[in-house]
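Chemist: Everything below, folded, please.
(chains A and B)
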Amino acid sequence: MSLITDCEAESLKVFLSRRGLLGGVAGGLLAMPLTGWATDSAPEIIVDQAHQVSIPIVVPDFGPGLGNRISTVVSADLSSTGLFQVMGGEASGSSRPDFVALKARGVRAAVTGTTSGSGNVRVEMRLWDVLAGQQLQGRAYTASEANWRRIAHMIADVIYQRLLGEPGYFDSRIAYIARTGPRRRQVTRLAIMDQDGANAHMLTSGQWLTLEPRFSPTHEQIAFLSYAQNRPRAYLYDLNSGRQFLLGQFEGISFAPRFSPDGQSVILSVTTRDGGADIYIVDPGSGTRHCITNASGVIDTSPCFSPDGQQIVFNSDRGGSPQLYIMSATGGNVRRISYGEGHYGSPVWSPHGDIIAFTRICQGRFLLGVMNPDGSGERILTEGFTVESPSFAPNGRALVFCRQSAASTGGVGFSSTIAVIDIAGFNEHVVPTTTGASDPSWSPLRR
Amino acid sequence: MLLQGFSMPYHVQEPAVGEGLLWGGFISSLVLHLLVLVLLFWHSGMALPDKVLPPVEMVYETADLPAHPVRAMHKAAVPVPPAPVQTQTPPAQDPLKEYVPPLSSLPVLPPRAYTVSEPADRMEKKTVQQKMPLYKEGSVSPDTKLKPELKLQNHVAQLKDSVHPVEKHVTRPLLSRTEQRHELVQVGSHSLLSTLASLRTEQPQDHPSRDVSDSQQGGDPHGGGSPEGDIRALSAADQKVIGASVRRCYQEDIAARDYAHFVAHLVVTVDASGVVRLVRFAPETAARMASDVSYRALAERARAAVLSPVCARLPIPLKLLGQTSQLHFVFRP
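Modeler: Numbers count the residues shown, from 1 in each chain, chains lettered A, B, ... in the order given. All right, here's what the predicted structure looks like:
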């Protein structure tokens, strides 16, 4: 006697086959995400939203006397950027620093160095990554003792570049106008100094009013405006020989000179008979010149080449008020880029070509700002009674400019200083000068 | 739940009566068959019960009479050969070797008692012998540094950088439940426990057992070995927590030129306690670092974030700790 009937067996067969099919399909669908879980890939952890914090770095003395002076300059250079938190430490010579102790202090990088010799000195420095416990950089410099400041600046540049990935700007200079005497009868002289204010030298006698110095990007030359012989014209000063050359012969007043990126030509403004000013490009070697703007009665001034030499930003009142314009290097395709309230002037292109610094006058106040080459992204970095004449550092991370304070009755309280600020608008500090100073121009890195 | 559903595909909702009987019969039949198989395998070592044979005539051997084979009811196919003559001689003794009785004859010694001495009323003065003096004896001159050896030792010690080989930081595994803490290995002891203890000391376990059960052989699917602590089981929430923890130390020069497009991939080795030990850059990141100094600076600061003493201990769930593992970090603006 069978346990089940034929009908029940038939139904069981159908049920089992149907169930088996459903179970197989369900199992296949469920297995798909499970196979994803069963992969051997490590979990991925996202870390974002970094914050800007100075890099803690230990810069000990490089030894007594000269070593101490060098480390002081290095520390000052790094601190002036606002990107480093310089801490003192025990001098460990050329041996490895105590990484455990430095880690406990929260130090990220450490410098060790030694100095030896006299007359001709040898300076060795090593840069260490404290967390990784390895040497990042090691350099040795041999020079006359009189150049110890340059050695210190070069060491600071090495540290800056290795930790930030960008070239430093410490081994550079600033040309400026030194101002002495009462405000209404000031004596102005072309001067030059290290970017930290040391080693200041006067280049001209001060007999004539001197303004607007501009460093050549490739040569040891400075273009400037001088009222020599009571005729304001643009001149060229050669730092090696100390000689001065006239930049082109013009009927009108030539002013606001600035070198091209290759240093082979100078762009400047020349006044016209109709009360306007046109922009010229002059070849100092051959003396040839050609005009690239000729709008009647319009003042086109303060021209500045882009880093690639293909465009020129300049200041013009062709729209009715002083605004910023960009045109091609041949003079065509002029377009306006400034649209904010007030008047714009003194444009200068960043070495990277990504931003343009400018001065803006609005409601009786001077503003110093930057914008993109298309005019967007305008940001004000600082403001004051007078802030003007911006000039970029060689690596484009900082701006030097002139800041003047208001004077009370009789000119008391007036001051004219040179200050540096980073392009984010932070870390503004004054460059110490022995006299009043204005019209700064940052040189390229010294070779 | 899904896994359970997957392992039990036949959820019968409301079977019919006939179908229930069928299933019951099927399952009981299956169980009976399995029992029979188990019994067969279990008793495979035992001899099969002999067939019930008719009683045989017992013939007792004497010294004078040769041994006769037992007469069986059933005639063998091949005649049995005569039994060899045995002489009662003692086993030969090698005078050089010591006679070692078999193991079973030795009594099993109990484990040695662990006595604790009573605290003394007075502390006895004990001289502490130092292997290395901390300083040299003698007069200290003004030029002598007070701790030169210590400092040298520290410098020597500090030469070990933060990047350690993975094997050195594998933590000891947890004690197993079968380990007897107070059992001492007795030299020359042949007890089973002593043997096991000596084997443990000779072959120390330096990582948790990874043995897993084999379900085909009837093992418990969740049994066997120690918990793996597989860090691949990090949930998305856990990953976010770890990312937030490292973010505290993530510092960059946000004004750098290419920072807006910065992305770096780091492979971080974490020890069994969740502390970062090794960091290396992924191949694509390392390649870009070799060619772009600004990118290298940004990537090195990302590495510093995860190596920072403040953030090196990652908030990994306890259940996922226990072994060295790797995590993939992605740093971006």
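Chemist: Tell me where the chain is predicted with low confidence.
Modeler: Defaulting to chain A. A:1-42, A:91-94, A:408-413 (pLDDT under 70).
Chemist: Chain B is the one I meant
Modeler: For chain B, applying pLDDT under 70 flags the ranges B:1-18, B:43-190, B:200-231.
Chemist: dump the residue contacts of the residue in the stretch 201-350 of chain A that chain B sits nearest to.
Modeler: Residue of the stretch 201-350 of chain A nearest chain B, by CB to the nearest CB: A:Ser350 (10.3 Å). (Each C-beta comes from the backbone N, C-alpha and C, glycine too.) Neighbouring residues of A:Ser350 by CB atoms under 8 Å, 6 or more residues apart in numbering or on different chains: A:Pro307, A:Ile356, A:Ala357, A:Val370, A:Phe392, A:Gly396, A:Ile423.
Chemist: what about the second one, how many neighbours?
Modeler: Applying other CB atoms under 10 Å in any protein chain shown, we find 26 other residues in the vicinity of A:Ile356.
Chemist: rewinding a little: between the contacts of A:Ser350, which has the most around it?
Modeler: A:Ile356 (26 neighbours).
Chemist: Return the distance of that one relative to A:Tyr344.
Modeler: Plainly put, A:Ile356 is 10 Å away from A:Tyr344 if you go by CB to CB, to the nearest Å.
Chemist: cool, A:Phe215 as well?
Modeler: Remark: distance between A:Phe215 and A:Tyr344 (CB to CB) = 23 Å.
Chemist: In this structure A:Glu217 contacts A:Gln264, no?
Modeler: Small correction: residue A:217 is Pro, not Glu. No - look at A:Pro217 against A:Gln264 with CB atoms under 8 Å: they stay out of range, at 10.1 Å.
Chemist: Between the two, which has more neighbouring residues?
Modeler: A:Pro217 (17 against 14).
Chemist: Check which helix or strand the more buried one maps to.
Modeler: Per DSSP states H and E: A:Pro217 is located in neither a helix nor a strand.
Chemist: thinking again about what came up before, report the set of residues contacting both of A:Ile356 and A:Tyr344.
Modeler: With CB under 8 Å, 6+ apart, A:Ile356 and A:Tyr344 have common neighbours A:Leu324.
Chemist: State the number of residues packed around B:Gly25.
Modeler: Using other CB under 10 Å, B:Gly25 has 12 neighbouring residues.
Chemist: and what of A:Leu66?
Modeler: 19.
Chemist: tell me which residues in the lengthiest helix in chain B are buried?
Modeler: For chain B, the helix that runs over the most residues, judged by DSSP state H, is helix B:17-42. By neighbour count with 16 or more other CB atoms under 10 Å in any protein chain shown, helix B:17-42 contains the buried residues B:Glu19, B:Leu22.
Chemist: before we move on, what about stretch A:213-230?
Modeler: A:213-217, A:219, A:221-226, A:228.
Chemist: Please convert these to CSV, extending it with secondary structure.
Modeler: Shown next, in CSV, are the buried residues of stretch A:213-230 (DSSP: H, G, I helix; E, B strand; the rest coil):
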residue, secondary structure
A:Pro213, strand
A:Arg214, strand
A:Phe215, strand
A:Ser216, coil
A:Pro217, coil
A:His219, coil
A:Gln221, strand
A:Ile222, strand
A:Ala223, strand
A:Phe224, strand
A:Leu225, strand
A:Ser226, strand
A:Ala228, helix
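Chemist: for A:Gln404, phi and psi?
Modeler: With angles defined as degrees, to the nearest 10, A:Gln404 sits at phi -120, psi 140.
Chemist: Which strand residues bridge it?
Modeler: According to DSSP bridges, the residues that bridge with A:Gln404 are A:Thr386, A:Ser416.
Chemist: Just list the residues touching it, thanks.
Modeler: Taking CB under 8 Å, 6+ apart, we find A:Gln404 in contact with A:Gly384, A:Phe385, A:Thr386, A:Val387, A:Phe414, A:Ser415, A:Ser416, A:Thr417, A:Ser438.
Chemist: Looking at those, which two lie furthest apart in space?
Modeler: For those, the farthest-apart pair by CB to CB is A:Val387 and A:Phe414; their separation is 14.6 Å.
Chemist: For these two, indicate the residue with more neighbours.
Modeler: More neighbours surround A:Val387 than the other of A:Val387 and A:Phe414, with 23 against 18 (other CB under 10 Å).
Chemist: Output stretch A:236-245 as PDB, restricted to C-alpha atoms.
Modeler: Output in PDB follows, covering the C-alpha atoms of stretch A:236-245 (Å, rounded to 0.1, in the frame of the first residue of the first chain):
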ATOM      1  CA  LEU A 236      66.400 102.800 -17.000                       C
ATOM      2  CA  TYR A 237      68.800 102.300 -14.100                       C
ATOM      3  CA  ASP A 238      71.500  99.600 -14.500                       C
ATOM      4  CA  LEU A 239      72.300  98.100 -11.100                       C
ATOM      5  CA  ASN A 240      75.600  96.700 -12.100                       C
ATOM      6  CA  SER A 241      77.100  99.900 -13.600                       C
ATOM      7  CA  GLY A 242      74.900 102.400 -11.800                       C
ATOM      8  CA  ARG A 243      74.200 104.200 -15.000                       C
ATOM      9  CA  GLN A 244      70.900 105.700 -16.100                       C
ATOM     10  CA  PHE A 245      69.400 105.600 -19.600                       C
END
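Chemist: Before I go, just wanted to say thanks for your time.
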